[in-house]
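> predicted model and sequence below, questions to follow.
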Amino acid sequence: MTVADGKVAEREIDKLNVEKAEMNARIQTLEAERAKQEAGKAMSEAERAQRTAAAEAERAAKAKAESDKLMKELANLKAQQTERGIVLTIGTSCLPPARRICRRTRTRAWPPLPNF
C-alpha cells in the first residue's frame, strides 16, 4: 500500500464517518418527531378525557339538583297526623290553578275523595 492509497483510504473513512454522523442525526430527528407526535396524541386524549369528566360532573350535578328538588317535594307531601285527622299537603305542581277547577266543576259534581 502506498502513501496515496493511505490518503484515499483516510478520505473514504472520513467520508464514511461524516455519513454515519449524518445518519445518526437523521435518526435522532425522526425519533424526536415521533416523540412529538406521541406527545400531541397524549395531550389530545387528555383533553378529551378532561372534557368528558367535566360533562359527567355537570350531569351529576344536574341529577343531584333534581334529586334534591324531588326529595323536597316528597317531604312537602308527607302526611301529618293532627287531632282532626291526617293532613296531606298537595303542592301547586299536582293540581291546576283553582279557577280552572272551579269552572270545570260548575257543571258536574266534584270527584269522590279517597279514603285513608
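Thanks, I have it.

> how about the helices in the protein?
3-77, 98-105 (DSSP state H).

> can you give me the neighbour number for residue 77?
13 (other CB atoms under 10 Å). The C-beta positions use only the backbone N, C-alpha and C, and glycine is treated the same way.

> residue 83 versus that one, what's the distance?
Counting by CB to CB, to the nearest Å, the gap between residue 77 and residue 83 amounts to 21 Å.

> picking that back up, comparing the helices of the chain by mean pLDDT, which bottoms out?
Note on the helices of the chain: helix 98-105 shows the lowest mean pLDDT, a mean of 53.

> can you give me the neighbour number for residue 74?
Residue 74 has 9 nearby residues by other CB under 10 Å.

> buried ones in stretch 53-67?
Residues of stretch 53-67 classed as buried by neighbour count (16 or more other CB atoms under 10 Å): none.

> ok, back up a step: figure out which of the helices of the chain is closest to residue 87.
Residue 87 lies closest to helix 3-77 among these, at 11.1 Å (CB to CB).

> how far does the closest one sit from its chain's centre?
Distance of helix 3-77 from the chain centroid (CA atoms, centre = their mean, to the nearest Å) equals 21 Å.

> ok, back up a step: make JSON lines from the helices of the chain and add distance to residue 88 to it.
What follows is the helices of the chain, written out as JSON lines (distance: least, CB to CB, whole Å):
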{"stretch": "helix 3-77", "distance to residue 88": "7"}
{"stretch": "helix 98-105", "distance to residue 88": "17"}
